[in-house]
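Colleague: What shape does this take:
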Amino acid sequence: MNASEVNQIPVLLLAWRRPSAVERVIDALRTVSPATVYVSCDGPRDWGGAEGQKVTLVRNAIDKFIDWECNVYKLYHNTNQGCYASVTTAISWFFDHVKFGIILEDDCVPHEDFFSLCSALNHRFANDHRIWSICGSNFQAGARIGQASYYFSINGDSWGWATWARAWNVFPAAKRDWAEFRDSDRFSDVFPIPCERTYWRNLLDDQFSNPSSLKHWDYEWWLASWMNNALHAWSNVPLIKNIGYGDDASHTKSLFPFGRCNVAPLGPITHPTFVLPSRDADRHAFMWRRGGKEIMERERYRFLYPWILRYREVDSKGLRVYLSSAVSRLFKRISRFLP
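Modeller: Predicted coordinates for the structure are as follows:
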């Protein structure tokens, strides 16, 4: 795929209050120099406080560091919209203007090969309504799924991805049709593992229990794809590095094990023979990214599960270190009740 085709893919950058992270993402974009960049930045909850200063720094960084020749379009909010509204509004705005594009949050640093993958798969699947998105992350712990450059999954991702307007336009129906889908046989068809069904049922029931305070836009996006039997293409090597762990993050306050992955070159792009989801990959994602292993063990061992965790901690740390940390935890609990 030549450079002129790669840099023609429009990019949507979603920003808020992390100026140093935004600079790193823009530095990565400069390698490809996309010809069209859309930027959405949510407003602070208080312009006069520290958050307002950070948002100002972010907007200044956008003006300063997007320094290659390109068209830049901005959607800046004066007041804080919140994660759900700011992101969904931005993506809808993006796809009011483009048919296909890459979406990067301000903590998702892309490898340049991600753009090549997106360009190749847009050529291949632009009119194939089975395929809903291209995901640059990889949470398979180094295991390859098949021999091609990418594989298919029933699950999408929001850590650096690309999609088509034709798919995003289906998004609003998910909220409306959730209850009917949840109570149908189709829900069991999507999730054959009982505890995985329970996991998503609980999360989505909570998501829709209070329509005035929706939290996770990506849950609804994935739900829409499950309802339509859609597939998502995942790179077989990590092409996105998430750098957004910490206090300024909306969700990823601490570094999860699956986030400890370094990007790598993808190499020449090869395609799978069959357009089918990898159940092994989907199972692995549930077990390790969604905590499915812990959920299943908790159900299996019930009241013994806390003791199994203690045994594992002793086995990994040694008895002396375990007892020292246990005593420390005990004193912290006691100190709460002391004057």
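Colleague: how about the helices of the stretch 1-150 of the chain, start to end?
Modeller: Along the stretch 1-150 of the chain, the stretches classed as helices by DSSP state H, counting those that start in this stretch are 3-6, 19-32, 50-65, 82-95, 112-125.
Colleague: cool, and the stretch 151-300 of the chain?
Modeller: Using DSSP H, counting those that start in this stretch, helices in the stretch 151-300 of the chain cover 165-168, 173-182, 185-190, 194-209, 217-227, 279-284, 292-301.
Colleague: Please work out which of the ones you listed is packed deepest.
Modeller: With neighbours taken as mean count of other C-beta atoms under 10 Å, the helices of the stretch 151-300 of the chain reach their highest mean count in helix 217-227, at a mean of 21. Heads up, the C-betas are built off the backbone N, CA and C, glycines and all.
Colleague: what's in contact with that helix?
Modeller: 83-84, 87-88, 132-133, 154-158, 167, 170-171, 173-175, 177-178, 181, 186, 190, 203-204, 207, 214, 230-232 (C-beta atoms under 8 Å, 6 or more residues apart in numbering).
Colleague: one more time with 6 Å, if that's ok
Modeller: 84, 87-88, 132, 156, 158, 170-171, 174, 181, 190, 207 (C-beta atoms under 6 Å, 6 or more residues apart in numbering).
Colleague: just stretch 88-95 next, same as before
Modeller: 12, 14, 38, 40, 75, 101, 165, 168, 217.
Colleague: can you check stretch 320-339 too?
Modeller: 313-314.
Colleague: any idea of the mean pLDDT in that stretch?
Modeller: Averaged over stretch 320-339, pLDDT sits at 72.
Colleague: Alpha carbons of that stretch, as PDB, please.
Modeller: C-alpha atoms of stretch 320-339 as PDB (Å, rounded to 0.1, in the frame of the first residue of the first chain):
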ATOM      1  CA  ARG A 320       7.300 -14.300  55.200                       C
ATOM      2  CA  VAL A 321       6.300 -11.600  52.600                       C
ATOM      3  CA  TYR A 322       2.700 -12.700  52.700                       C
ATOM      4  CA  LEU A 323       2.500 -12.500  56.500                       C
ATOM      5  CA  SER A 324       4.200  -9.100  56.500                       C
ATOM      6  CA  SER A 325       1.700  -7.700  54.000                       C
ATOM      7  CA  ALA A 326      -1.200  -9.300  55.800                       C
ATOM      8  CA  VAL A 327      -0.200  -7.700  59.100                       C
ATOM      9  CA  SER A 328       0.200  -4.400  57.300                       C
ATOM     10  CA  ARG A 329      -3.300  -4.600  55.900                       C
ATOM     11  CA  LEU A 330      -4.700  -5.600  59.300                       C
ATOM     12  CA  PHE A 331      -3.100  -2.500  60.900                       C
ATOM     13  CA  LYS A 332      -4.500  -0.200  58.200                       C
ATOM     14  CA  ARG A 333      -8.000  -1.500  58.900                       C
ATOM     15  CA  ILE A 334      -7.600  -1.100  62.700                       C
ATOM     16  CA  SER A 335      -6.200   2.400  62.300                       C
ATOM     17  CA  ARG A 336      -9.400   3.500  60.800                       C
ATOM     18  CA  PHE A 337     -11.200   3.100  64.100                       C
ATOM     19  CA  LEU A 338      -8.500   4.700  66.200                       C
ATOM     20  CA  PRO A 339      -8.800   8.300  67.300                       C
END
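Colleague: And it, how far out from the chain middle?
Modeller: On the basis of C-alpha atoms, centre = their mean, to the nearest Å, stretch 320-339 sits 36 Å off its chain's mean C-alpha point.
Colleague: Go through the contacts of helix 217-227 and say which is closest to Ile62.
Modeller: Closest approach to Ile62 among the contacts of helix 217-227 (C-beta to C-beta): Val87, at 16.9 Å.
Colleague: buried stuff in stretch 123-140?
Modeller: Neighbour-count burial for stretch 123-140 flags 125, 131-140 (criterion: 16 or more other C-beta atoms under 10 Å).
Colleague: now do stretch 97-112
Modeller: 100-112.
Colleague: out of the residues you listed, which are inside strands?
Modeller: Among those, the subset assigned to strands under DSSP state E consists of 100-105, 108-110.
Colleague: Nice, that's everything, thank you.
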